[in-house]
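J.: here is my input; please provide its structure:
(2 chains)
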Amino acid sequence: MSTPNAPTGVCPFSGATGPAETDPPAEPVAVPPTSTSPGTFAEAPVADWVTIPDLYNDPFPLYQRMRAESPVHWVPAVNRYMVTSYAACHEIEQDEARFSADENNSLMKRAMGHSMLRKDNPKHQVDRDSYGSTLRPGTIKKHWNQIFASNHAKSLDALIAKGPGADFVWDYAAPYTAENLRLICGFHNATQEDLQRWSQSMIDGTGNYADDPEVWAKSAAASAEVDAAIDEMLPYLAANPDHSLLSGLASLPIPLEAIRANLKMTIGGGLNEPRDVLATTVWALLNHPEQLAAVKSDPKLHAVAFEESVRWVAPIGMYPRETTADVVLEGVHLPKGSRLGVVLGAANRDPRIFEDPESFNIFRPKKPHLGFGGGVHFCAGTWIARAQVAQIAMPALFERIPDLRLDPSSQSIDAGWVFRGLTKMPVTWG
Amino acid sequence: MPTITFAQSSGATTEITVAEGTSLMRAAVTNSVDGIVGECGGQAMCATCHVYVRPEFTDQLLELSDDEDEMLDCTTAERTDSSRLGCQIKMSPALMNIVVDVPADQV
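T.: Numbering: from 1, shown residues only, chains lettered A, B, ... in the order given. Here you go, the predicted structure:
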């Protein structure tokens, strides 16, 4: 090795430069086996008591019961095996040979096209590499952080102008993250409102298990709008390059079909997730004054609170996989072609890994959660989310509105299980 | 075949023999070596397979890429002159008996 390997800079994320002095050291994760013994296995129990409305309203009590019973259940209501233990979810993430991302009859493929998220390697890697350095820490530090700060100042001004009683999600977190995403993608011909509409319409298609024709129509209309916007931007960005994803793609020999699908996946994943983790983290801190006080007195804890929030309520609660052969997963037999739901929202509250897992606690011993997925499909937007939420938004928010609190006159609402976040969060101050 | 020795801060060591071309991260994750997480599956995107390479082996490593360099700025444990990402160390005859120290913190 000839390159000196001395520290050359600091991480663009203040919470990640090193552990806070009060942080306990991370403990190794011991994943207890749930298999009985080699060569023996059980069939998955049927969880016919799980309903979609219950999952949507509050999945966590259902996950507690499921995890205690078996790491894997067949759940008729969602027509999938649901995998709820940390160990089983972790095993799936690390083994794409047995657990394929390229699901048959995928609703996501229908809504957004065949993106990298539904491809296995080597095809997945080709698409992922096409995103270049746009989402990486170096580019965030050099380029995006100042843009996020500028966007954030405008969004916070808008929230303050709206006044006490404003909705934290829709008057602040959504426009802020949508505007960031618009520029990350390179849609200079669209508005942040367009990004919000596209994202929600296509995500609704991705989750259209009820096969509602109206949902499909709206999803297809949004998809066509995105195609038109991409077609318009690619020649412009080829001539006027910037740091955006589309600009990078404009100079690569990538099939238009792949560009379209990957951008649609990014619009879906790049908006709801930072929006929801921002709202969930702040909601949790406002409900835990002692933790909020600690965060305000030690800026490094913004990043710790962010990670704990992603563990506590994973914004993407479930993603699909399909078995490529007969497999035994944590002692449970799964036939070839089984459709699985990898339930990160449950794995991240597995009591065999996390002590008192149902609690939001930024002081818990640090352990790796599965909220960003793992293995080759590890969320490509992880550092972008950390930057715009923990690095930029949270410190500025608490500095400008130090007495921010939940509006006692109007209840917050959280919802969802495939995606979960606050759908209503009235706040007040002053 | 190349052998990797992982040394924990407790003094415990784990020795693993792997096929050439295997990454140090993959060897650790496959064999459940404590303290190596490898969240991103080897894309130099997560900094959770940070290791300190013993000085006698550093000359045999490939040069640091820009991607690895920026990610090493984001390690949880302190970055030092001997910091590398395990996913970027592919086992070869030149690294036949490499020894690395596992940081106390990885996340």
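J.: which residues touch stretch A:48-58?
T.: Outside stretch A:48-58, the residues within contact range by CB atoms under 8 Å, 6 or more residues apart in numbering or on different chains are A:62, A:66, A:73, A:75, A:76, A:77, A:78, A:82, A:209, A:415, A:416, A:417. For the C-beta atoms, the positions are set from N, CA and C on the backbone; glycine is no exception.
J.: among these, which ones are buried?
T.: A:62, A:66, A:73, A:75, A:77, A:78, A:82, A:416, A:417 (16 or more other CB atoms under 10 Å in any protein chain shown).
J.: what about residue A:372, distance to residue B:44?
T.: Counting by CB to CB, to the nearest Å, the gap from residue A:372 to residue B:44 is 15 Å.
J.: next, the distance between the ends of stretch B:37-44.
T.: Stretch B:37-44 has an end-to-end distance of 12 Å (CA to CA, to the nearest Å).
J.: right, is it up against chain A?
T.: Yes - applying CB under 8 Å from any CB of the partner chain, one finds stretch B:37-44 touching chain A at B:37, B:39, B:40, B:41, B:42, B:43.
J.: any residue of the lengthiest helix in chain A touching chain B?
T.: Secondary structure assigned by DSSP state H gives helix A:256-286 as the longest helix of chain A. No - counting by CB under 8 Å from any CB, chain B is not contacted by helix A:256-286; separation bottoms out at 14.8 Å.
J.: output the contacting helices and strands for the following helix or strand past that helix.
T.: Next in sequence after helix A:256-286, counting helices and strands by DSSP states H and E, comes helix A:289-297. Applying 3 or more CB pairs under 8 Å, 6 or more residues apart in numbering or on different chains; DSSP states H and E, one finds that helix A:289-297 contacts helix A:256-286, helix A:301-312, helix A:394-400.
J.: for the buried ones among the contacts of stretch A:48-58, could you give me TSV that also reports secondary structure, distance to chain B and pLDDT?
T.: TSV is the format used below for the buried ones among the contacts of stretch A:48-58 (DSSP: H, G, I helix; E, B strand; the rest coil; distance: CB to the nearest CB, whole Å; pLDDT from 0 to 100):
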residue	secondary structure	distance to chain B	pLDDT
A:62	helix	27	98
A:66	helix	25	98
A:73	strand	26	98
A:75	strand	27	97
A:77	helix	31	94
A:78	helix	27	92
A:82	strand	23	98
A:416	coil	24	95
A:417	coil	23	95
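J.: highest neighbour count among the residues of stretch B:37-44 next to chain A?
T.: Taking other CB atoms under 10 Å in any protein chain shown as the neighbour criterion, residue B:40 ranks highest of the residues of stretch B:37-44 next to chain A with 26 neighbours.
J.: what about the lowest-mean-pLDDT helix or strand in chain B, near chain A?
T.: Ranking every helix and strand in chain B by mean pLDDT, DSSP states H and E puts helix B:55-58 at the bottom, with a mean of 92. Yes - using CB under 8 Å from any CB, helix B:55-58 reaches chain A at residue B:58.
J.: buried set for stretch A:395-406?
T.: Using 16+ other CB under 10 Å as the test for burial, stretch A:395-406 gives A:395, A:396, A:397, A:398, A:401, A:404, A:406.
J.: residue A:421 touches residue A:271, doesn't it?
T.: No - using CB atoms under 8 Å, residue A:421 is not in contact with residue A:271; the gap is 11.0 Å.
J.: quick one: the strands in the chain, in order.
T.: In the absence of a named chain, chain A is used. A:42-43, A:72-75, A:80-83, A:99-100, A:319-323, A:327-329, A:332-334, A:339-342, A:405-406, A:413-415, A:421-424, A:427-428 (DSSP state E).
J.: wait, chain B was what I had in mind.
T.: Applying DSSP E to chain B gives strands spanning B:3-7, B:13-17, B:50-53, B:83-85, B:99-101.
J.: okay, those strands in TSV with mean neighbour count and mean pLDDT next?
T.: Output for the strands of chain B, formatted as TSV (neighbours: other CB atoms under 10 Å in any protein chain shown; pLDDT from 0 to 100):
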stretch	mean neighbour count	mean pLDDT
strand B:3-7	19	97
strand B:13-17	14	96
strand B:50-53	25	97
strand B:83-85	25	97
strand B:99-101	19	97
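J.: make JSON lines from those and add distance to chain A to it.
T.: What follows is those, written out as JSON lines (distance: least, CB to the nearest CB, whole Å):
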{"stretch": "strand B:3-7", "distance to chain A": "12"}
{"stretch": "strand B:13-17", "distance to chain A": "12"}
{"stretch": "strand B:50-53", "distance to chain A": "9"}
{"stretch": "strand B:83-85", "distance to chain A": "6"}
{"stretch": "strand B:99-101", "distance to chain A": "14"}
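J.: can you list these in TSV and add distance to residue A:115?
T.: Listed next are the strands of chain B as TSV, based on distance: least, CB to CB, whole Å:
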stretch	distance to residue A:115
strand B:3-7	36
strand B:13-17	36
strand B:50-53	30
strand B:83-85	27
strand B:99-101	36
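J.: so which of the ones you listed is nearest residue A:328?
T.: strand B:13-17 (24.6 Å; CB to CB).
J.: direction included, what does the closest one pair against?
T.: Using DSSP bridges, strand B:13-17 pairs in its sheet with strand B:3-7 (antiparallel).
J.: please list which of the buried residues of stretch A:395-406 also come close to chain B.
T.: For chain B, no contacts are drawn from those by CB under 8 Å from any CB.
J.: could you work out the end-to-end span of stretch A:397-409 for me?
T.: By CA to CA, the extent of stretch A:397-409 from end to end equals 22 Å.
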